[in-house]
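Undergrad: need a structure here:
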Amino acid sequence: MSDLLAAALDFAARGLPVFPCLPYGKTPAVVRGFHAATTNPATILRYWTDPERNIGIPTGAPSGIWALDIDGLEGEANLRALEAKHGAIPKTRTALTARGRHAWFAYPGSLPTTAGRIGPGIDTRGDGGYVVVPPSVHQTGHRYAFLGDPWGPIASAPAWLIHAAHRKPPMRLPEPMEPVTAAGPSRPPGAYGHAALRTEIAALAAAAPGRRNDALNRASFNLFRLVAGGELAEDEVLAELHRACVINGLVVDDGLSSVNLTIRSGRAAGLRHPRSRRAP
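TA: From the prediction side, this is the model:
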């Protein structure tokens, strides 16, 4: 039995559902991704037919944990600045990653998955997210490892940290864009546009690895057609597209700059083809 399979079974025996990721990577190795996480030993044995598959644990309600992802020196410096202002975060179960660490906290009932919301280099893995856990191996060859006791207590996060994770800053693309001129008479966004927005964002958030960029381009095109037609507000569309890409993992895997480039491409095409509800 490989170390990774043994660890996956150990996590499951302790009540933490697991799912396989590709060897030396973070991409789920099963079609349903983190939704396929299980504590069933027989299923886990089937999942790890490849003994080098990494281990993922879904964050949020399925596991009862969420993780503060502190990335490199930038993340550590920004966290120290926040702690100096608000108070130190408590000691808790912590895993060392290739470039930083994951501090595990007890799931408070609702905690979003975010990228850079708390501060540069500080992400969260909560609702709709997952973490790769020890003894998984990063693509650089670095092996994830727990800092101290691998089964040490999992603390509750301070209120200021949870509040910061929930705070929604305005979303901006790195380069200014030309303002949108809606086709036809100006009117406030209504039910027609928002119904389409909900449908497109739900599909994008659920997109599997390998399909996420295409899904993002398609959603951007469709939604910016409605922006050009006066059915949706651009700021709301941008914010929802970014949120969906955090949930489906595209921001983590490809980076925000890549996500923004895809959005800009879909936006440019969509604005050339305005769409609106038919006049009564």
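Undergrad: please enumerate the helices of the stretch 151-280 of the chain.
TA: 159-166, 191-205, 212-228, 234-247, 250-254, 256-271 (DSSP state H, counting those that start in this stretch).
Undergrad: low pLDDT regions in the stretch 51-200 of the chain?
TA: 168-190 (pLDDT under 70).
Undergrad: picking up where we left off before, Leu111: which of the helices of the stretch 151-280 of the chain is closest?
TA: Among the helices of the stretch 151-280 of the chain, helix 159-166 comes nearest to Leu111, with 5.9 Å by C-beta to C-beta. The way it works is simple: take the backbone N, C-alpha and C, and place the C-beta from them, glycine included.
Undergrad: could I get the buried residue list for the closest one?
TA: Judged by neighbour count (16 or more other C-beta atoms under 10 Å), helix 159-166 contains these buried residues: 161-162, 164-165.
Undergrad: kindly report the same for stretch 217-225.
TA: 217-225.
Undergrad: contacting residues for His258?
TA: His isn't right for residue 258; it's Ser. By C-beta atoms under 8 Å, 6 or more residues apart in numbering, the contact list for Ser258 is empty.
Undergrad: equivalent analysis for Leu147, please.
TA: Residues near Leu147 by C-beta under 8 Å, 6+ apart: 94-96, 101.
Undergrad: which among the residues you listed count as buried?
TA: 94-95, 101.
Undergrad: just how off-centre is stretch 15-35 within its chain?
TA: A distance of 14 Å separates the centroid of the chain from that of stretch 15-35, by C-alpha atoms, centre = their mean, to the nearest Å.
Undergrad: residues contacting that stretch, please?
TA: With C-beta under 8 Å, 6+ apart as the test, stretch 15-35 has contacts from 8, 11-12, 36-39, 44, 47-48, 50, 52-58, 62-65, 129-130, 132, 136-139, 141, 208-209, 249, 252-253.
Undergrad: same list (the helices of the stretch 151-280 of the chain) but as CSV, adding distance to Tyr107.
TA: Output for the helices of the stretch 151-280 of the chain, formatted as CSV (distance: least, C-beta to C-beta, whole Å):
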stretch, distance to Tyr107
helix 159-166, 10
helix 191-205, 19
helix 212-228, 25
helix 234-247, 16
helix 250-254, 19
helix 256-271, 25
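Undergrad: which one of these lies nearest to Glu83?
TA: Using C-beta to C-beta, the helices of the stretch 151-280 of the chain put helix 159-166 closest to Glu83, at 9.4 Å.
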